[in-house]
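Visitor: Prediction below, plus the sequence it came from.
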Protein chains: 2
Amino acid sequence: MILKRNGSQASVKGPDEWFTGSVRLDPIHPRPQEPSRLTSALVTFEPGARTNWHRHPLGQLLIVTSGRGWTQCEGEERVEINAGDTIWCPPGHKHWHGATTTTGMSHIAIQEMLDGKNVEWLEPVADAEYGA
Amino acid sequence: MILKRNGSQASVKGPDEWFTGSVRLDPIHPRPQEPSRLTSALVTFEPGARTNWHRHPLGQLLIVTSGRGWTQCEGEERVEINAGDTIWCPPGHKHWHGATTTTGMSHIAIQEMLDGKNVEWLEPVADAEYGA
């Protein structure tokens, strides 16, 4: 059993290469314990902050734990997400997620590792796309 | 994208074959979307309630979201777990988890499916083991 106590894993600033705006990453389960493929983190977006466009090789489960945000899959409308909502994004699907312009949002993100990768980062979400 | 709104999935009573005491299961992601193996639920234990002994074929990640509880791996001491703690239980490892005698506890449970199973249920945790 690996028991990680609340507060024992330092928060990390979301890197500018992956995010727009102020994002905090709180590790939950950073590396899979093979043969498991599971990884997880809590991600907190300040108002206006969002991920870059990106894909997950085996998909991603989001559990919104507080606030209100937005998410969008390529070719679809942006949708509002609120605390308690859950979102499954299929493998290889290009998407982004983040806060709204006026409200922060936190979600637990769960994704499975494939060949050492659980995400492929792409271009930033332009202000026009984000606010659309 | 599969978006499940807060409140859109009915709560389920934890079956007596799997649990002792009053347990509520709130589905998060009940069935894996292949090739993903991921499944998840929120589990809420009233004081005195706990799982049976059980094993997970690919392990289990627990994220304690509220309250205080106990967990135990076979052959180890029972440990206290609190909101914000995370617990990784390795594949095939026999364990149980639940509330304390005086406090409720909720956790998000995440486990991967292998050959159509994500858990093997075993015998109840006797009062003497639970209270030890």
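Guide: Great, that's in hand. Given the structure is predicted, the values throughout are model-derived calculations rather than measurements. Numbers count the residues shown, from 1 in each chain, chains lettered A, B, ... in the order given.
Visitor: And chain B, is stretch A:6-13 touching that?
Guide: Yes - for a cut-off given as C-beta under 8 Å from any C-beta of the partner chain, stretch A:6-13 has contacts with chain B, namely A:6-7. For glycine as for every other residue, the C-beta is placed from the backbone atoms N, C-alpha and C.
Visitor: ranges for the strands of chain A?
Guide: A:2-4, A:12-13, A:19-20, A:23-29, A:38-45, A:50-51, A:54-55, A:60-73, A:79-82, A:86-89, A:95-99, A:105-112, A:120-121 (DSSP state E).
Visitor: Who does the residue nearest to the spatial centre of chain A form a beta bridge with?
Guide: Here the mean C-alpha position of chain A is nearest to the C-alpha of residue A:109 (C-alpha atoms, centre = their mean), at a distance of 5.3 Å. Under the criterion DSSP bridges, residue A:109 forms beta bridges with residue A:41, residue A:62.
Visitor: contacting residues for it?
Guide: Residue A:109 makes contact with A:40-43, A:60-62, according to C-beta atoms under 8 Å, 6 or more residues apart in numbering or on different chains.
Visitor: closest to residue B:56 among those?
Guide: residue A:40 (15.5 Å; C-beta to C-beta).
Visitor: Counting neighbours, what do you get for that closest one?
Guide: 21 (other C-beta atoms under 10 Å in any protein chain shown).
Visitor: same question, residue A:132
Guide: Using other C-beta under 10 Å: residue A:132 sits among 11 other residues.
Visitor: I'd guessed it sits against residue A:78; true?
Guide: Yes - if you go by C-beta atoms under 8 Å, residue A:132 and residue A:78 touch, sitting 6.3 Å apart.
Visitor: Can you pull out the low-pLDDT segments for chain A?
Guide: Along chain A, no part satisfies pLDDT under 70.
Visitor: how does it look with 90?
Guide: Low-confidence segments of chain A (pLDDT under 90): A:132.
Visitor: how far does stretch A:60-68 sit from the chain's center?
Guide: From the chain centre to the centre of stretch A:60-68 is a distance of 8 Å (C-alpha atoms, centre = their mean, to the nearest Å).
Visitor: which outside residues touch that stretch?
Guide: With C-beta under 8 Å, 6+ apart, stretch A:60-68 has contacts from A:42, A:71, A:80-89, A:97, A:99-100, A:103-111, B:6, B:28-29, B:38, B:40, B:65, B:108.
Visitor: Leaving out sequence neighbours, find the closest residue to residue A:78.
Guide: Among residues not flanking residue A:78 along the chain, residue A:72 sits closest, at 4.2 Å (C-beta to C-beta, 6 or more residues apart in numbering or on different chains).
Visitor: was I right about the one you found contacting residue A:98?
Guide: No - applying C-beta under 8 Å as the test, residue A:72 and residue A:98 come out as separate, 9.5 Å apart.
Visitor: Looking at the two, which is more packed in?
Guide: Each of residue A:72 and residue A:98 has its neighbours counted (other C-beta under 10 Å); residue A:98 has more, 28 against 21.
Visitor: ok, the more buried one to residue B:111 distance?
Guide: Using C-beta to C-beta, to the nearest Å, residue A:98 is found at 28 Å from residue B:111.
Visitor: and residue A:17, what is it in contact with?
Guide: Residue A:17 touches A:52, A:121, counting by C-beta under 8 Å, 6+ apart.
Visitor: Please report phi then psi for it.
Guide: phi -70, psi -20 (degrees, to the nearest 10).
Visitor: Look at residue A:78 and say how many residues are nearby.
Guide: Neighbour number of residue A:78 under other C-beta under 10 Å is 15.
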